[in-house]
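> Here is the input, now give the coordinates:
(chains A, B and C)
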Amino acid sequence: MNREEILLKNYPELASLFNEIKKIKESFDSEFLAKLNRSLPFNELLFDRWDRAKMLGFGEGTSIYDSSYVFGDVKVGNNTWIGPNTVLDGSGHLTIGDNCSISAAVQIYTHDTVKWAISGGSEQYEYVSTSIGNNCYIGPSSIISSGVNLGSGCIVGANSFVNRSFPENSKIAGNPAKII
Amino acid sequence: MNREEILLKNYPELASLFNEIKKIKESFDSEFLAKLNRSLPFNELLFDRWDRAKMLGFGEGTSIYDSSYVFGDVKVGNNTWIGPNTVLDGSGHLTIGDNCSISAAVQIYTHDTVKWAISGGSEQYEYVSTSIGNNCYIGPSSIISSGVNLGSGCIVGANSFVNRSFPENSKIAGNPAKII
Amino acid sequence: MNREEILLKNYPELASLFNEIKKIKESFDSEFLAKLNRSLPFNELLFDRWDRAKMLGFGEGTSIYDSSYVFGDVKVGNNTWIGPNTVLDGSGHLTIGDNCSISAAVQIYTHDTVKWAISGGSEQYEYVSTSIGNNCYIGPSSIISSGVNLGSGCIVGANSFVNRSFPENSKIAGNPAKII
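Below you'll find the model as predicted:
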């Protein structure tokens, strides 16, 4: 698929804009590879993840990738790392503490659309708040349901589904997640 | 990583384009936060998810995020919500009904590359159609294999792997998914 | 949310740039639908996945979507397909062979932040190398931990969590993954 040719055929006046966008990307690509030894999606090259955390009122030293979706009322403490492709749903109020590792593709919810879907849209969404303490590790692709409270120091294994609360320093994994 | 400085060093003539792109993003960011209380990835800020659903011929009231990948022949009914980071593979024909909730990071397949990979590329991809009825809730990060038919009113728990068909109103979860 | 109106209110001079970006997108959208029967996120429309693989020094015929995150030292062989929303972490050295299918949302790690998180940031990240042989199929959303070695010809089921090594031609699935 030759993009330049498509534009030259349909919108020849836009080919130079497209080439400028490509040059911006290549310029950032080179710098990220050389200085940080990483290769990122286009949107991450363009925008800074600490700037976004600041814009959202998250704590000092916290970062959040551009590919993260943040809904509603989400509070995050200091020095927490929020990975790419995450979903932080604060429509029912979400709190995350300091120094957590929210791994890539983690989804944390405070609302639930099960009843909405199976009622054919006649029932409402349901909202319950969720909280994650300090110093928690949430493994890649884990899902945390609305209403869950995880105490500080919890470790959640990769690909877990957490549908109930656990006290501090719990080590949990599985679907549904249990103490391991 | 100061992006302005990188451009000023390599392509000073592109620094103003980059700043214009940043202003467009900031403008949409502010509006989404103020009006919809959400913060979205750059591509979602730029493009409307109902417009995309219409472009794809999906039903009235259905929306699909920009971060969704849609392959081949995919039909979707009315008022269905298709979340971010989803994969809808219709290379072997996929049908999704009305009023479904296709949660974030769900992947629904109608082809399979297992034989292709383990044969070192000498075997072909395999294609079988898949269907999801009306009023189904597919939980976050669940994967649905090619050939699966889910009847209307099914609930699929988060992080499930669904590799066989289930009749209407089934409530399933796990890896592989079973009735719960 | 009418984006044109937002710009006309805040930055009327940027409305034409936004419309040009939309035209570029629509132009590529049409061509991808007509020629390849697929609809992709904005960043995938703009940039070629074979070009990116070449830029990263991956083997002949290998492709990697723009939405993939690649960190550190990652080596990939020939004719390997790397799906969207994947994370390839080579901070501790990652090798992937020829002709593999690395499905969408797979994450492969060579570092671990569990001790960092639960120690409140006082312990260091841990790094161990990971390798995937030739002709492997890694199912959608599977997570592979640091230190895992998968021999050639392995099949990993969808939504698995692989936290130990397996010899060639193993067929594994589950959380944690076991021989099936």
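> Any idea which residue is closest to the centre of chain A?
A:T86 (2.2 Å; CA atoms, centre = their mean).
> Wait, that residue touches A:V106, no?
Yes: contact status for A:T86 versus A:V106: in contact at 5.0 Å, counting by CB atoms under 8 Å. Glycine gets a C-beta too; all of them are placed from N, C-alpha and C.
> For the top strand by length along chain A, give the mean pLDDT please.
Longest strand of chain A, by residue count under DSSP state E: strand A:87-96. In this model, strand A:87-96 has a mean pLDDT of 98.
> Just checking the helix or strand of chain A with the lowest mean pLDDT against chain B, any contact.
Ranked by mean pLDDT, DSSP states H and E, the weakest helix or strand in chain A is helix A:114-118, scoring a mean of 85. Yes: Helix A:114-118 reaches chain B (CB under 8 Å from any CB of the partner chain) through A:V114, A:W116, A:A117, A:I118.
> Leaving out chain neighbours, which residue sits closest to the first one?
Leaving aside its sequence neighbours, A:V114 sits nearest to B:Y137 (CB to CB, 6 or more residues apart in numbering or on different chains; 4.9 Å).
> likewise A:N175?
Counting by CB to CB, 6+ apart, A:N175 lies nearest to A:F161, which is 4.3 Å off, once chain neighbours are set aside.
> Show the contacting residues for the residue nearest to the centre of chain A.
Under the criterion of CB atoms under 8 Å, 6 or more residues apart in numbering or on different chains, the contact list for A:T86 reads A:I64, A:Y65, A:S67, A:S68, A:Y69, A:I102, A:A104, A:A105, A:V106, A:Q107, A:I108.
> What of A:G90?
A:V70, A:F71, A:G72, A:D73, A:V74, A:K75, A:T110.
> shouldn't the first one be in contact with A:L56?
Read that as A:V70. Yes: taking contacts as CB under 8 Å, A:V70 lies within contact range of A:L56: 6.4 Å.
> So which of the two has more stuff around it?
Per other CB atoms under 10 Å in any protein chain shown, whichever of A:V70 and A:L56 has more neighbours is A:V70, with 24 against 19.
> Who is that one paired with across the strands?
A:L88, B:S39 (DSSP bridges).
> for A:S101, same thing?
A:W81, A:Y137.
> rewinding a little: how about the residue nearest to A:N175, what does it touch?
Counting by CB under 8 Å, 6+ apart, A:F161 makes contact with A:S142, A:I143, A:S145, A:G174, A:N175, A:P176, A:A177, B:G139, B:G157, B:A158, B:N159, B:A173.
> Repeat that for A:F32.
Contact analysis of A:F32 by CB under 8 Å, 6+ apart lists A:R38, A:S39, A:L40, A:L45, B:M1.
> Next one: the second one from C:V76, what distance?
Just to be clear, that refers to A:S39. According to CB to CB, to the nearest Å, A:S39 and C:V76 sit 12 Å apart.
> more neighbours, these two?
Set A:S39 next to C:V76 and count neighbours by other CB under 10 Å: C:V76 wins out with 25 against 22.
> hmm, back to that, so what sits against both of A:V70 and A:L56?
A:I64, B:S39.
> could you pull out the helices for chain A?
Counting by DSSP state H, chain A has helices at residues A:3-10, A:15-31, A:42-46, A:49-55, A:114-118.
> Provide the contact partners of the second one at residue level.
So that's helix A:15-31. Looking at what lies outside helix A:15-31 - CB under 8 Å, 6+ apart - the contacts are A:3-4, A:7-8, A:39, A:42, A:45-46, B:1, B:3, B:6-7, B:10-11, B:14, B:17-18, C:17, C:20-21, C:24, C:46-47, C:55.
> again, only using 6 Å
A:L7, A:L8, A:F42, A:L45, B:I6, B:N10, B:Y11, B:L14, B:L17, B:F18, C:E20, C:I24 (CB atoms under 6 Å, 6 or more residues apart in numbering or on different chains).
> same deal with the third one?
Outside helix A:42-46, the residues within contact range by CB under 6 Å, 6+ apart are A:K25, A:F28, A:D66, B:P41, B:F42, C:N43, C:D66.
> A:K9: neighbour count?
12.
> Most neighbours among the residues of helix A:114-118 next to chain B, which one is it?
Highest neighbour count within those, by other CB under 10 Å: A:A117, with 25 neighbours.
> who's in contact with that residue?
A:A117 touches B:S101, B:N135, B:Y137, counting by CB under 6 Å, 6+ apart.
> my guess is the last one meets B:S101, correct?
Yes: taking CB atoms under 6 Å as the contact criterion, B:Y137 and B:S101 are neighbours in contact, 4.8 Å apart.
> Please name the nearest non-neighbouring residue to A:F58.
Nearest-residue entry for A:F58: A:V76, 4.1 Å, with adjacent residues in sequence omitted and distances by CB to CB, 6+ apart.
> Need the pLDDT of the one you found.
Per-residue confidence at A:V76 stands at 98 (pLDDT).
> Between its first and last residues, how far does stretch A:28-40 reach?
One end of stretch A:28-40 to the other measures 10 Å (CA to CA, to the nearest Å).
> Got the phi and psi for the closest residue to A:S119 other than its chain neighbours?
Using CB to CB, 6+ apart and skipping the chain neighbours, the partner closest in space to A:S119 is B:N135 (7.3 Å). Main-chain dihedrals, B:N135, degrees, to the nearest 10: phi 50, psi 40.
> Might you report the residue contacts of the closest residue to A:V87 other than its chain neighbours?
Nearest residue to A:V87, sequence neighbours excluded (CB to CB, 6+ apart): A:Q107, at 4.1 Å. With contacts defined as CB under 6 Å, 6+ apart, A:Q107 is in contact with A:V87, A:I143, B:A104, B:P140.
> How much space separates the second one from chain C?
Noted for A:I143: a distance of 11 Å to chain C, by CB to the nearest CB, to the nearest Å.
> and A:Y69, how many neighbours?
Number of residues near A:Y69 (other CB under 10 Å) recorded here: 21.
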